[in-house]
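# My questions concern the predicted model and sequence given below.
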Amino acid sequence: MVLGVFAGIAFHSSIVEIKPVGTAFIRLIQMVVVPLVLASLLVGTASLGDPKNLGRIGLKTLIYYLASTAAAITVGLVLANLFRPGSGLDPSIQARLLENYGGAAGQKIAGMQQNVNPVQTFLNIIPTNPAKALSEGEILQVIFFAIFTGVALIFIPAEKADPVIRFFDGLFDAMIQIVTMVIKIAPYGVFALIAAVVGDFGVEILLSLLKYTLVVIGGLMIMFFIYPLVVRLFTGMNPGFFLKGIRPAQLIAFSTSSSGATLPVTLEVCEQNLGVSNKVASFVLPLGATVNMDGTALYQGVAALFIAQVYGIPVTLSGQLTIILTATLASIGTAAVPGVGLFMLIIVLKQVGIPLEGIALILSVDRLLDMFRTMINVTSDCTASVIVAHMEKQLSPPEKEPVL
């Protein structure tokens, strides 16, 4: 990113010629999004297995995860509207950005304004032609189809369901491998995109990045202190006891940026330090590592509005409600691996019509923010396990505080 800034300053508008390299990087990411979402959601839903897992404990867990994810996005949107990290650019720069990228976004937003009826919005999520939804990248329709198909696979004989699940599981693994390959060339794509942006619009466009970073971290810290209060409200557990008990999992999450890699530690601290039963922990926490992405969802809300503000594109109330819905649904079944938030963000930006090129502005700080996001994701998973265990009368906190 730093090299891209210097190249943009040194070569000015002539460096814009390398922009196709960055565009190719963005297109490689776009290529993976739809099959990754389809495969991960379908396999994730079908892997619930026994229909009883969709019963009492499963319902409570999913309600918490969906509600907490939506709440986290809302916090992010409120902060982004309040502090407007992407505003303050020179009007001439915003005018050029809007001229280059605002047309398609304006059409998308105008179409959304024509469909503000809640009933029609819901009906639009149901695809009349799944193949068309896949080919046109209608993410909400793809999500609906994948979840519905995953649920259907649970209720048909295993000998018929297993081959379908294995196929999509293999497709999912292939998409993750492509993600790994694309991430390896990310420095070159980011260099080209940043150099082109700075060469075309100057360094002023990057000054908003610090404000954006502070807004995201501020929102994540708000959630960090909300979770122990929620635990106290629902279970009566001391907030300090809760935070001390899960600290090892938080540290691993922060250092690895992966909910999946942290899962063994998360299971141990919830069972040993907080007294969550194995029955609840072994269901709630693995599901949370896949479904529950509060920190990532909050970041998406801030990032979407930040990019829109940089480009001078207004996002209406209906657009922001779409961000909440899309990011919440996109978090279900997303792989618990480092950097996956970038792919979730593309889903959100495409749905609202915000230029994907704006992702170049935030890629430079994505790794840092990913560490904070993952820590919040894991903290929310632990919160869910304690609350569900308490509601199921399967919570037995140790009398002594956990020894770390």
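Now that the structure is in, tell me what you want to look at.

# Find the nearest non-adjacent residue to P397, please.
Leaving aside its chain neighbours, P397 sits nearest to G275 (4.0 Å; criterion: Cβ to Cβ, 6 or more residues apart in numbering). In short, each C-beta sits where N, CA and C put it, glycine included.

# in terms of contact, does L38 touch L134 like I think?
Yes: counting by Cβ atoms under 8 Å, L38 does reach L134; the two are 6.9 Å apart.

# Pick out whichever of these two has more residues nearby.
Counting neighbours by other Cβ atoms under 10 Å for L38 and for L134 shows that L38 has the greater number, 24 against 19.

# Give me the three-state assignment for that one.
The three-state label given to L38 by DSSP: H, G, I helix; E, B strand; the rest coil is helix.

# Now do it against T290, distance only.
The gap separating L38 from T290 is 15 Å, by Cβ to Cβ, to the nearest Å.

# Then A67?
From A67 to T290 the distance is 17 Å (Cβ to Cβ).

# Neighbour count for these two, which is higher?
Using other Cβ under 10 Å, the more surrounded residue of A67 and T290 is T290, with 22 against 11.

# And the strand or helix carrying that one, what does it pack against?
According to DSSP states H and E, T290 maps onto helix 278-291. In terms of contacts (3 or more Cβ pairs under 8 Å, 6 or more residues apart in numbering; DSSP states H and E), helix 278-291 is packed against helix 19-46, helix 56-83, helix 259-268, helix 366-391.

# Kindly recompute the last result at 6 Å.
Under the contact criterion of 3 or more Cβ pairs under 6 Å, 6 or more residues apart in numbering; DSSP states H and E, helix 278-291 touches helix 56-83, helix 259-268, helix 366-391.

# looking at those helices, which is closest to I346?
Minimum separation from I346 across the helices and strands packed on helix 278-291 (Cβ to Cβ) falls at helix 366-391, 12.3 Å.

# what comes up buried for that closest one?
366, 369-370, 372-391 (16 or more other Cβ atoms under 10 Å).

# Could you tell me the angle between that helix and helix 278-291?
150 degrees (axes from the mean of the first three to the mean of the last three Cα atoms, to 10 degrees).

# What helices and strands are in contact with helix 366-391?
Secondary-structure packing of helix 366-391 (3+ Cβ pairs under 6 Å, 6+ apart): helix 56-83, helix 204-235, helix 239-256, helix 259-268, helix 278-291, helix 294-310.

# Could you list the low-confidence segments of the chain?
1-19, 44, 47-55, 89-122, 183, 197-208, 331-341, 364, 400-404 (pLDDT under 70).

# Are there helices or strands packed against the strand or helix carrying F172, and which ones?
Using DSSP H and E, F172 sits within helix 158-184. Secondary-structure packing of helix 158-184 (3+ Cβ pairs under 6 Å, 6+ apart): helix 19-46.

# now, of the helices and strands packed on helix 366-391, which is deepest in the fold?
helix 294-310 (a mean of 29; mean count of other Cβ atoms under 10 Å).

# How far does that helix sit from its chain's centre?
10 Å (Cα atoms, centre = their mean, to the nearest Å).

# Following it in sequence, what is the next regular element?
Of the helices and strands lying after helix 294-310 in sequence (DSSP H and E), the nearest is helix 317-330.

# now the angle between helix 19-46 and that next one, please.
On the basis of the same axes, to 10 degrees, helix 317-330 is oriented at 60 degrees to helix 19-46.

# Return the list of helices and strands in contact with helix 317-330.
Against helix 317-330 (3+ Cβ pairs under 6 Å, 6+ apart) you get helix 56-83, helix 91-113, helix 294-310, helix 340-352.

# and with 8 Å instead?
Contacts defined by 3+ Cβ pairs under 8 Å, 6+ apart place helix 317-330 against helix 56-83, helix 91-113, helix 139-154, helix 294-310, helix 340-352.

# that older thread, quick check: angle from the helix holding T290 to helix 294-310?
Using the same axes, to 10 degrees, the inter-axis angle of helix 278-291 relative to helix 294-310 is 20 degrees.

# so how far is helix 278-291 off the chain centroid?
Chain-centre distance of helix 278-291: 19 Å, with Cα atoms, centre = their mean.

# Looks like L363 contacts V190 (just checking).
Yes: taking Cβ under 8 Å as the definition, L363 is a contact partner of V190 at 5.0 Å.

# so L134 sits right up against V34, yeah?
Yes: counting by Cβ under 8 Å, V34 is a contact partner of L134 at 5.8 Å.

# between these two, what contacts are shared?
V142 (Cβ atoms under 8 Å, 6 or more residues apart in numbering).

# Including distance to G358, could the helices and strands packed on helix 317-330 go into TSV?
What follows is the helices and strands packed on helix 317-330, written out as TSV (distance: least, Cβ to Cβ, whole Å):
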stretch	distance to G358
helix 56-83	14
helix 91-113	8
helix 139-154	18
helix 294-310	3
helix 340-352	8
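
# Looking at those helices, spot the one closest to V280.
helix 56-83 (6.7 Å).

# hang on, the earlier thing: now for the helices and strands packed on helix 317-330, which one comes closest to A253?
helix 294-310 (9.3 Å).

# Show the contacting residues for the residue nearest to P35 when sequence neighbours are not counted.
In space, and not counting its chain neighbours, P35 is closest to M175: 5.5 Å by Cβ to Cβ, 6+ apart. Taking Cβ under 8 Å, 6+ apart, we find M175 in contact with V32, P35, L36, A39, S40.
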